[in-house]
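Student: can you look at this prediction? I've put the sequence above it.
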Amino acid sequence: MSSLKTRERLSEVRYEIRGELARRARELEAQGRRLIKLNIGNPGAFGFRAPEHLQRAIAERIADTDPYTHQQGLPAAREAIAAFHKQRGTPNATPERVFIGNGVSELIDLSLRALLNPGDEVLLPSPDYPLWSAATILNDGRPVYYRCAPENGFLPDPDEIEKLVSSRTRAIVLINPNNPTGAVYPRELLERIVAIAQRHKLLLMSDEIYDSILYDGAEFQPLAPLAGDVPCLSFGGLSKVHRACGWRVGWAVLSGDPLLSGEFHHAMDLLGALRLCANVPGQFAIEAALHGEDTIAALCAPGGRLYEARRAVVDAVGASAHLSLVEPGGALYAFPSVTGAARVGFDDHAFALELLETEDVLVVPGSSFNVPYRTHFRATLLPQPDELREVFARIERVLDRHAER
Ligand code: PLP
């Protein structure tokens, strides 16, 4: 009997954050090796906990979590999300235009499924968070990448974005603050991207899951308030800012002129209905998260654990003979590149494997994020600062060997 065939376009999809290297890491762990794994931005795996008032909000209502909710989510949670957006200045952010999902991940897939016909194009950042590429491909679309070049602080060039627009383009995706680069986009840049969407009648999709993880005075500007009437879908959730990845809670807020997005709204509602509803216990934490005290700011301020972790990485790269870094302004990652003699013949995959096999450290090769170069790697900032110093000492040892070759 021949083996089961699968969807052909899966061969185009990669998600190396949990791919071959992660599998190899598990094998090594099974052999008793103690690894430092920097591949996943999973706060709970590094000792962070969701704030207690969020845990209490679920515990107190656990008896109410048995039934399905409305496909778009609990009304009170949607009201809290709409109020949060209204306060930011998002136009027409009503509870009816909020969609709660099992993480932002589910909503990325669902919204692209609602939008795309075969052959439609989506403008994606390069580097991207690779789910965006995967979901575009698996919903029969075609990713078209705009560069966020390291020499430009990983910021996109709006002129280049506009040149990539074709008659098949349907949406522009932004990830701000960015994973993997940590870039935080300035207001003027966002305004220019809004103007492109307006000129070409494109949907704006803004993945803002790291919206308040910011360092050293970086300021986050949400896209929707700048977008006015232009249809814009803004994504947020509990996984990162509220350290509750495992609860699987995310949301998408549709803004702009309702007359321009009625059909899309209906499609989102229908696709949401087909999967019934999002995880209900997690939804009970949303009001507490958005109305309660801010618990992330202290972690990102001097003396806070994330701030000090980022500092440790910036200092380690500064002292390195082989690395350079665009300092991340936000999010949970550093995306350094290899320079100088160690760069000659460098291959990010071979390096990541060597680092794993010889130094017990797991990072993600930069090319996993859909860039055409193989000179970068991504490491999460979630470990303790001392552990990150140790990681970068080990990386330096490997790169010293490369430089000598
Ligand atoms: N978007 C970005 C940019 C991410 O980095 C992640 C997770 O790492 C997600 C979306 C998915 O988040 P979740 O499904 O946990 O809400």
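Tutor: Great, that's in hand.
Student: list the contacts of the residue nearest the centre of the chain.
Tutor: Central residue of the chain (CA atoms, centre = their mean): N179, 4.9 Å from the mean position. By CB atoms under 8 Å, 6 or more residues apart in numbering, N179 lies in contact with 41, 129, 209-210, 331-333. Heads up, the C-betas are built off the backbone N, CA and C, glycines and all.
Student: check which residues of the helix or strand containing H53 are buried.
Tutor: Assignment of secondary structure by DSSP states H and E places H53 within helix 52-61. For helix 52-61, burial by neighbour count (16 or more other CB atoms under 10 Å) applies to 54, 57-58.
Student: what is the nearest of the residues you listed to the ligand?
Tutor: Nearest to the ligand among the buried residues of helix 52-61: L54, at 14.7 Å, using CB to the nearest ligand atom.
Student: contacting residues for the nearest residue to the closest one once chain neighbours are set aside?
Tutor: Spatial nearest neighbour of L54, chain neighbours left out: A285 (4.3 Å); criterion: CB to CB, 6 or more residues apart in numbering. Applying CB under 8 Å, 6+ apart to A285 gives the contacts 50, 54-55, 57-58, 238, 242, 244, 247, 249.
Student: what about the strands in the stretch 201-350 of the chain?
Tutor: Applying DSSP state E, counting those that start in this stretch to the stretch 201-350 of the chain gives strands spanning 203-207, 232-237, 250-255, 323-324, 333-334, 337-338.
Student: the stretch 51-200 of the chain too?
Tutor: Listed in chain order, the strands of the stretch 51-200 of the chain (DSSP E, counting those that start in this stretch) span residues 98-101, 121-126, 142-149, 155-156, 169-175.
Student: of these, which stretch is the most buried?
Tutor: Across these, the average number of neighbours (mean count of other CB atoms under 10 Å) peaks for strand 98-101, which reaches a mean of 27.
Student: what residues are bridge-paired with C148?
Tutor: P156 (DSSP bridges).
Student: so who does it touch?
Tutor: So C148 contacts 125-127, 154-156, 178, 181, 183 (CB under 8 Å, 6+ apart).
Student: when you check the ligand, which of the contacts of N179 turn up near it?
Tutor: 41, 129, 209 (CB under 6 Å from any ligand atom).
Student: distance of the second one relative to R78?
Tutor: Relative to R78, Y129 is positioned 25 Å away (CB to CB, to the nearest Å).
Student: quick one on the thing from earlier: export the buried residues of helix 52-61 as TSV, with columns for pLDDT and distance to K201.
Tutor: Listed next are the buried residues of helix 52-61 as TSV, based on pLDDT from 0 to 100; distance: CB to CB, whole Å:
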residue	pLDDT	distance to K201
L54	95	39
A57	95	41
I58	96	41
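Student: now, which of those sits nearest R311?
Tutor: Taking CB to CB as the measure, R311 sits nearest to L54 out of those, at 27.4 Å.
Student: check contacts around the residue in the chain that the ligand sits nearest to.
Tutor: The chain approaches the ligand most closely through G103 (2.6 Å), counting by CB to the nearest ligand atom. By CB under 8 Å, 6+ apart, G103 lies in contact with 237, 239, 245, 248-250.
Student: again, but for Y333
Tutor: Contacts for Y333 (CB under 8 Å, 6+ apart) come out as 41, 179-182, 378-381.
Student: one more time with 6 Å, if that's ok
Tutor: Contact analysis of Y333 by CB atoms under 6 Å, 6 or more residues apart in numbering lists 179-180, 182, 378, 380.
Student: which of the residues you listed come close to the ligand?
Tutor: Applying CB under 6 Å from any ligand atom to the contacts of Y333, those adjacent to the ligand are N179.
Student: what's the closest of the contacts of Y333 to A224?
Tutor: The closest of those, once distances to A224 are taken by CB to CB, is N179, at 19.4 Å.
Student: is the residue nearest to R168 when sequence neighbours are not counted in a bridge, and if so with what?
Tutor: Distances taken as CB to CB, 6+ apart put E121 closest to R168, at 4.5 Å, once the chain neighbours are dropped. For E121, the beta-bridge assignment (DSSP bridges) gives partners R142, T169.
Student: what sits against E121?
Tutor: When contacts are counted by CB under 6 Å, 6+ apart, E121 touches 142, 144, 168-169.
Student: please redo it, this time with the cut-off set to 10 Å
Tutor: By CB atoms under 10 Å, 6 or more residues apart in numbering, the contact set of E121 is 136, 141-144, 164-171, 202.
Student: likewise for A393?
Tutor: Counting by CB under 10 Å, 6+ apart, A393 makes contact with 316, 319-320, 359.
Student: reformat the strands of the stretch 201-350 of the chain as TSV; add mean pLDDT and distance to E404.
Tutor: Below are the strands of the stretch 201-350 of the chain laid out as TSV (pLDDT from 0 to 100; distance: least, CB to CB, whole Å):
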stretch	mean pLDDT	distance to E404
strand 203-207	98	41
strand 232-237	98	45
strand 250-255	98	46
strand 323-324	98	16
strand 333-334	98	25
strand 337-338	97	14
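Student: which one of these lies nearest to Q72?
Tutor: In terms of CB to CB, the element of those nearest to Q72 is strand 250-255, at 9.4 Å.
Student: if we can go back for a sec, how about the strands of the stretch 201-350 of the chain, which one is nearest A312?
Tutor: Using CB to CB, the strands of the stretch 201-350 of the chain put strand 333-334 closest to A312, at 9.9 Å.
Student: what about V249, how many neighbours?
Tutor: 29 (other CB atoms under 10 Å).
Student: tell me the pLDDT of it.
Tutor: Note on V249: pLDDT of 97.
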